[in-house]
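Trainee: What follows is a predicted protein model with its sequence.
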Amino acid sequence: MSPRFGGIYYTLMASLPALPEPAQAKRTPISRPRLDQRLAMLPDEDRATVDQVEHFLRWARQPLESTDAEAIELYDTVRRTSTNAVVRELFAYRFDFRVVIAGLRARLRGWEPLTIDHPIAAQLRRNWEEPSFGLGYRFPWIESVRALLEQRDSMAVERLLLHTAWRHLSDLELGRYFSLEALIIYLAKWDIVARIAGHDAEAGRRRFDSLVAEAYGGATH
């Protein structure tokens, strides 16, 4: 973000209502159309970054409409081209999330380890028999998610993961208030609130039933 756009972010961020914590999320405090109106004031060079983030959030929100190849291509594009630390961290964290959950679901169903070319997937393959894949130190939520998956409580899994993603975003948010990075974090949090406010049990089951199939899409075992 160019320094000359700093004033835009003071105006933009000050115009956005505070988001409720996930436990209190009943509806989004600003509608999508009104949010889009606010985003119209972005400079072109930053709008492209925001569009990239929102494309990723749409993919993460709708796994049935994505493919494994699309996910990896999107992730690799960001790693190659983005110089924004928050964007890179957001993509990496969400993608790792997906791979770990897909691994847990695959193992629970008695499937073979994921074969996608990704560092976390490689860690899963090396530690397939360990309850937390040897990743409990990095993802302390794994044990809780594993237990909930064994209980087939997909809605509880989704709630736990959305709350975990929220905490990660809150950590990223520290010290970032009136900037492109602050806006990106706000949009990612808005997406979480929208998902919590709008999902239902059937949609939750569909999303989680599709995670493994999507992670395996196009893979050869």
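Mentor: Received, thanks. Numbers count the residues shown, from 1 in each chain.
Trainee: Is there a neighbour count for Ala194? I'd like the number.
Mentor: Around Ala194 there are 19 other residues, counting by other C-beta atoms under 10 Å. To be clear about C-beta, it is placed using only N, CA and C from the backbone, and glycine gets the same treatment.
Trainee: For it, give me its contacts.
Mentor: Thr28, Arg32 (C-beta atoms under 8 Å, 6 or more residues apart in numbering).
Trainee: What does the pLDDT read for it?
Mentor: Looking at Ala194, its pLDDT is 90.
Trainee: do Arg126 as well
Mentor: pLDDT at Arg126 comes out at 95.
Trainee: Might one say that it is in contact with Gly134?
Mentor: Yes: using C-beta atoms under 8 Å, Arg126 is in contact with Gly134, at 7.4 Å.
Trainee: Could you name the helices and strands sitting against the longest helix that the chain contains?
Mentor: Across the chain, the longest stretch assigned as helix under DSSP state H is helix 85-108. Packing contacts for helix 85-108, counted by 3 or more C-beta pairs under 8 Å, 6 or more residues apart in numbering; DSSP states H and E, involve helix 44-61, helix 68-81, helix 119-126, helix 142-150, helix 154-173, helix 180-198, helix 201-216.
Trainee: Give me the below-cutoff pLDDT ranges for the protein.
Mentor: By pLDDT under 70, the weakly predicted segments of the chain are 1-6, 60-71, 199-221.
Trainee: in this protein, which residue is closest to the centre?
Mentor: For the chain, Arg94 is the residue whose C-alpha lies nearest the centre (C-alpha atoms, centre = their mean; 3.8 Å).
Trainee: Assess the claim that Ala18 and Pro29 are in contact.
Mentor: Yes: taking C-beta under 8 Å as the definition, Ala18 is a contact partner of Pro29 at 7.0 Å.
Trainee: Who has more neighbours out of those two?
Mentor: Taking neighbours as other C-beta under 10 Å, Ala18 and Pro29 compare with Pro29 leading, 14 against 8.
Trainee: So that one sits against Pro17, correct?
Mentor: Yes: Pro29 lies in contact with Pro17 (C-beta under 8 Å); the separation is 4.1 Å.
Trainee: In contact with Pro17, which residues are there?
Mentor: Pro29, Ile30.
Trainee: That one in helix, strand or coil?
Mentor: Assigned by DSSP: H, G, I helix; E, B strand; the rest coil, the conformation of Pro17 is coil.
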